[in-house]
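Engineer: Here is a sequence together with a model predicted from it:
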Amino acid sequence: MTSDETTRYLIAAAAAVEIDIKPEWMPNVARFFEIAQGMAAEVIASGALTDAESAAVFTPWEKE
Amino acid sequence: MSSAALPTSALAISAAIRSGSLSATDVTRAALDLVSARDGEIGAFTTVTAERALNEAQAVDRLRAEGSKLGPLAGVPYGVKDLFDIKGLSTLAGSKINRTRPPADADAVLIQRMTAAGAILLGGLNMGEFAYDFTGENAHHGPSRNPLDTKRMSGGSSGGSAAAVAAGFLPLSLGSDTNGSIRVPSAFCGLYGLKPTYGRLPRTGTFPFCDSLDHLGPFARTVGDLALCYDVLQGWDGGDVACVDRPSEQASQELAKGATGLRTAVAGGYFRRGADPSAIAAVDRAAHALGASEEIDIPDVTRARAAAFLITNAEGSALHLDNLRHRAEDFDPDTRDRFLAGAMLPASWYIAAQRFRLQFEAAMRKVFSEFDILLAPSTPFSAPLLGQKTMMLGGSEVPLRPNIGIFTQPISFIGLPVAAVPVRVDGPMPYGVQVIARPWREDLCLRAAAVIEAAGVAHMTPSSL
């Protein structure tokens, strides 16, 4: 994403999760989001993740 | 009683109190006097629980007078990071926002265990806001300063926990470590720290940061004290769903076994790049003490660090979502902007990061089928100056905060136990070495740490108490 696209995404996503990002905070928030984006690209890069377990396994109770 | 006349280790203090050569009340008063006289320049404490401490000390002295058996930490003063519940106080977690929380109605489980062992709680210790920090700086309470050089960072987020022990106010403290928050301040302040296996110590009664990665653990000035404290803290508690029901596996008795039979390797590749030469030299000195000559390259460490970053950012932001909506201006700006960004991460990024944990665990399981101990630097550099924003690394100027935890994050990502060992190199500031073992083998971490300590390459923190 370009910087403008990041900002547009953040404005839309903030509205969706009901957060108000003040204009003076936006450059720093966008910078952190772009760092996270780079981290996500690193994690997803191998493409070998789909058959791995995602998180803790939920186990229903056995008896009433 | 002057603090100069007191023993400095937890082991020696409890032995002196058991023998009757010291009273717990005298030790406690001396520690409170030290905090009162010197903490203004350090900033380790946010709350001093003097009345409670003196009551606890008097109770220890009464038990001894009655001839009752005393616990292994009888009369030993300690403090806790300000995210542990202390009965009757609001748990601040380094924030302004939590000042409106009601007082805790019970102590955190680990405080209850310290009390049962006879230890004396002196208060709550400064920390980075909501534990999202590697520096020890705090916009609301001021920084916890490094006692070795008060112009420098203590490290974070358990900065006060490290500063209080390094300043000699206390022989022991408790902190938390999500991505390095025990190991980084241990390195910067020249202390031993233990981040146990994920799920070993119950987090019941502590304010969370990131459930998938949060650990609790102790700081000390000697390996013997660290192991003793860890042994007291062990045991399952059902209040923490991540806590694993395992028997207590006492480590103190393992310390004297030495390096014989320990298969030790140095982490190469990622862990040898991006660190200053003294950080590498510290690892090499520890390796020499352990007789280790092999270097291994662990695959995918960069991804592991990236995945830990995403999980932390997403879970921490979700935890604080309501306050981000209604009280965003009450956060430390540095914390707020990262949480705001994290609140908007796509779910697919978080899920990919969680999925990668099992892959990385499989790779590390292979490493630990060949070795018992892995050595790596704790941080790429020694303690930076307070307020510093960038750092020269490998000839390039890089942002400081994101780079402090690059060597600790990949290890806690899969919950491996780590003893942080302070090592002397050139210059006045120490460097930290991570002594890493397979899950549930804290005893091996501590045993190897004891070998390094005995070899004389460890940093010796001057102590007052």
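Structural biologist: The structure has been received and is ready for your questions.
Engineer: use CA for all of it now, contacts and neighbours both
Structural biologist: Fine.
Engineer: got the CA coordinates for stretch B:374-383 in CSV?
Structural biologist: Extracted in CSV, the C-alpha atoms of stretch B:374-383 (Å, rounded to 0.1, in the frame of the first residue of the first chain):
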residue,chain,number,x,y,z
LEU,B,374,21.7,-22.5,23.3
LEU,B,375,23.5,-19.2,23.8
ALA,B,376,22.4,-15.9,22.2
PRO,B,377,22.8,-12.2,23.0
SER,B,378,20.0,-10.7,25.0
THR,B,379,20.2,-7.3,23.3
PRO,B,380,22.3,-6.0,20.3
PHE,B,381,23.9,-3.3,22.5
SER,B,382,24.3,-2.2,26.1
ALA,B,383,22.0,0.3,27.9
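Engineer: quick one: that stretch to chain centroid distance?
Structural biologist: 14 Å (CA atoms, centre = their mean, to the nearest Å).
Engineer: Run through who's touching it.
Structural biologist: Outside stretch B:374-383, the residues within contact range by CA atoms under 8 Å, 6 or more residues apart in numbering or on different chains are B:152-155, B:183-184, B:187-189, B:264-267, B:271, B:274-276, B:278-280, B:282-283, B:286-287, B:403-408, B:420, B:429-437.
Engineer: helix or strand right after whichever helix or strand B:Val184 is part of?
Structural biologist: Of the helices and strands defined by DSSP states H and E, B:Val184 is found in helix B:183-189. Going down the chain from helix B:183-189, the next helix or strand is strand B:192-195, by DSSP H and E.
Engineer: a strand runs through B:Glu397, doesn't it?
Structural biologist: Yes - counting by DSSP: H, G, I helix; E, B strand; the rest coil, B:Glu397 is located in a strand.
Engineer: about what we covered before: and the helix holding B:Val184, how far out from the chain's middle?
Structural biologist: For helix B:183-189, the distance to the chain centre is 8 Å (CA atoms, centre = their mean).
Engineer: In three-state terms, label residue 33 for me.
Structural biologist: Using chain A here. helix.
Engineer: let's do chain B instead
Structural biologist: Applying three-state DSSP: B:Asp33 is helix.
Engineer: which residues does it contact?
Structural biologist: For B:Asp33, no residue meets the contact criterion (CA under 8 Å, 6+ apart).
Engineer: pretty sure B:Gly94 is in contact with B:Asp133, am I right?
Structural biologist: No - the pair B:Gly94 / B:Asp133 is not scored as a contact, 10.4 Å apart, by CA atoms under 8 Å.
Engineer: Quick check on these two: which one has the bigger neighbour count.
Structural biologist: Shown here are B:Gly94 and B:Asp133; by other CA atoms under 10 Å in any protein chain shown, B:Gly94 has more neighbours (29 against 25).
Engineer: got the contact list for that one?
Structural biologist: Per CA under 8 Å, 6+ apart, neighbours of B:Gly94: B:82-83, B:126-131, B:138, B:140-141.
Engineer: If you drop the residues flanking it in sequence, what lies closest to it?
Structural biologist: Excluding the flanking residues, the one nearest B:Gly94 by CA to CA, 6 or more residues apart in numbering or on different chains is B:Glu129, at 4.3 Å.
Engineer: Could you measure from the one you found over to B:Val232?
Structural biologist: B:Glu129 is 28 Å from B:Val232, where distance means CA to CA, to the nearest Å.
Engineer: So between those two, which is more surrounded?
Structural biologist: Counted by other CA under 10 Å, B:Glu129 and B:Val232 do not tie: B:Glu129 has more neighbours, with 28 against 19.
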